[in-house]
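Visitor: predicted model and sequence below, questions to follow.
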Amino acid sequence: MQRNRRRCEGTIMGSIVLDLRPGLGIGPFTLGMPICEAFAQIEQQPNVYDVVHVKYYDEEPLKLDIVISFPDHGFHLRFDPWSQRLRLIEIFDVKRLQMRYATSLIGGPSILATFVAVYALFGPTYPGIYDKERSVYTLFYPGLSFAFPIPSQYAECCVNREAELPLEFPDGTTPVTCRVSVYDSSTDSKVGVGSSMGKACVPSLAAGSLYMEEVQVKLGDELWFTVGGQHIPFGASPQDVWTELGRPCGIHQKQVDQMVIHSASDPRPRTTLCGDYFYNYFTRGLDILFDGQTHKIKKFVLHTNYPGHADFNSYMKCNFVIYNADFGGSFHQDVNNSKCAITPSTKWEQVKEILGDCGRAAIQTQGSTSNPFGSTLVYGYPNVAFEVMKNGYIATVTLFQS
């Protein structure tokens, strides 16, 4: 695991109060939200979320959750690594985080989240599940669970799941919550500690949602947006793009043509290239480059938004599928059954199996003095170039016409 984000170290640690919404979220964090929206919430309150860790599996970023952790406030946000949407919220230190449910408070340094207190606040429920290996008893409500450590001398109170609720030990004490989990309740899954954490699923997207919309690529030809049905070909004008995709999130002049090696046949002097400009669609994971002289599309840049890349969290993930008639691909085919399609999950070795070897790579530093992740490698083919991270995953795809 790696950590790549730490903000404003040294502020005074204190308990905060967040609204607890079973099955929905906590505070400003809502289940199903994209990771970039979570970061936006964090950045709006830098005095509250003053120490933030981002954890991910560097070598295989699709294997484990991307985790945003707030160590001073005792909770994690777990994001599905493929969709990059929030699937599970874990409060791992209830004494550091005070929760508000309806008009009542629980947790934090002043109000112990005991079994009796939880039961009184959230009401009756079915008997929970006792994990013998961990000596933890978990109580479940829809979209919400509370885990309680059970001393070994009182394990028999829980073994047969016949413990009276609320749970009290023979000596008159009651266990205190060690972990709270908030998760989507639509599947009726029981999510607690250990392996059961994997049962937490990302909520379904609303019908017609453009998030992670599949964008099918026909190399050297066009992009097709499968939800909205838009076709954006090379040579389209800014007016065409504005009409089809709406107002861009940003517009900026292109400073350096890093892929000029692939435009060697361009007879224009290099100095005229500085007039080119980008339309940035950050929420679609897409940049569109227009020729500054003809005002026609000359390139598309698709972003995968993997952690460990300098542009992480600048764009939402583009869910592209690349086809090429030269190697048997076409629109409207079953991607899962196609060995001739390239997606954000395709590793570089698989790309080479599809497209063949392309020779040596160009090194891209992205400003090595301010980039803690090091350089990437750019491999060029006719009509497409891949920026590849050290772990073999694709960071960006640049599309052009040879």
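Guide: Yes, it's here.
Visitor: now Gln45, nearest residue through space, not along the chain?
Guide: Nearest residue to Gln45 in three dimensions, chain neighbours excluded: Pro28, at 7.9 Å (C-beta to C-beta, 6 or more residues apart in numbering). Yep, even glycine has a C-beta here, placed from its N, CA and C like the rest.
Visitor: that neighbour: neighbour count?
Guide: Around Pro28 there are 17 other residues, counting by other C-beta atoms under 10 Å.
Visitor: now it. Its backbone dihedrals?
Guide: Backbone torsions of Pro28, given as degrees, to the nearest 10, read phi -80, psi 0.
Visitor: wait, it sits on Gln41?
Guide: Yes. Pro28 lies in contact with Gln41 (C-beta atoms under 8 Å); the separation is 4.3 Å.
Visitor: low-confidence stretches in this structure?
Guide: 1-15, 159-166, 256-274, 324-339, 365-373 (pLDDT under 70).
Visitor: buried set for the longest helix belonging to it?
Guide: Among the segments of the chain that qualify as a helix by DSSP state H, the longest is helix 35-44. Neighbour counts over helix 35-44 (16 or more other C-beta atoms under 10 Å) mark 35-39, 41-42 as buried.
Visitor: tabulate these (a markdown table), appending distance to Thr294.
Guide: Shown next, in a markdown table, are the buried residues of helix 35-44 (distance: C-beta to C-beta, whole Å):
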| residue | distance to Thr294 |
| --- | --- |
| Ile35 | 37 |
| Cys36 | 33 |
| Glu37 | 37 |
| Ala38 | 40 |
| Phe39 | 37 |
| Gln41 | 41 |
| Ile42 | 42 |
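Visitor: nearest to Cys249, of these?
Guide: Cys36 (11.6 Å; C-beta to C-beta).
Visitor: need the contact list for the closest one.
Guide: By C-beta atoms under 8 Å, 6 or more residues apart in numbering, the contact set of Cys36 is 84, 305, 313, 315-316.
Visitor: which of those residues sits closest to Ala361?
Guide: Using C-beta to C-beta, Asn305 is the member of these that lies nearest Ala361, at 21.4 Å.
Visitor: and the nearest residue to the closest one once chain neighbours are set aside, which of the three is it?
Guide: Nearest residue to Asn305, sequence neighbours excluded (C-beta to C-beta, 6+ apart): Lys317, at 4.3 Å. Under DSSP: H, G, I helix; E, B strand; the rest coil, Lys317 falls in the coil class.
Visitor: measure Lys317 to Gly356 for me?
Guide: Applying C-beta to C-beta, to the nearest Å, the value for Lys317 to Gly356 is 27 Å.
Visitor: please apply the same query to Tyr137.
Guide: Computed as C-beta to C-beta, the Tyr137 to Gly356 distance reads 58 Å.
Visitor: which one's more surrounded, those two?
Guide: Tyr137 (25 against 9).
Visitor: A helix includes the more buried one, no?
Guide: No. Under three-state DSSP, Tyr137 falls outside any helix and is assigned strand.
Visitor: contact partners for the residue nearest the centre of the chain?
Guide: Nearest residue to the geometric centre of the chain (C-alpha atoms, centre = their mean): Gln84, 2.1 Å. Residues counted as contacts of Gln84 (C-beta under 8 Å, 6+ apart) are 34-36, 66, 305, 316-317.
Visitor: with distance to Phe290 added, can I get those residues in TSV?
Guide: Formatted as TSV, the contacts of Gln84 follow (distance: C-beta to C-beta, whole Å):
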residue	distance to Phe290
Pro34	27
Ile35	29
Cys36	25
Ile66	33
Asn305	23
Met316	22
Lys317	24
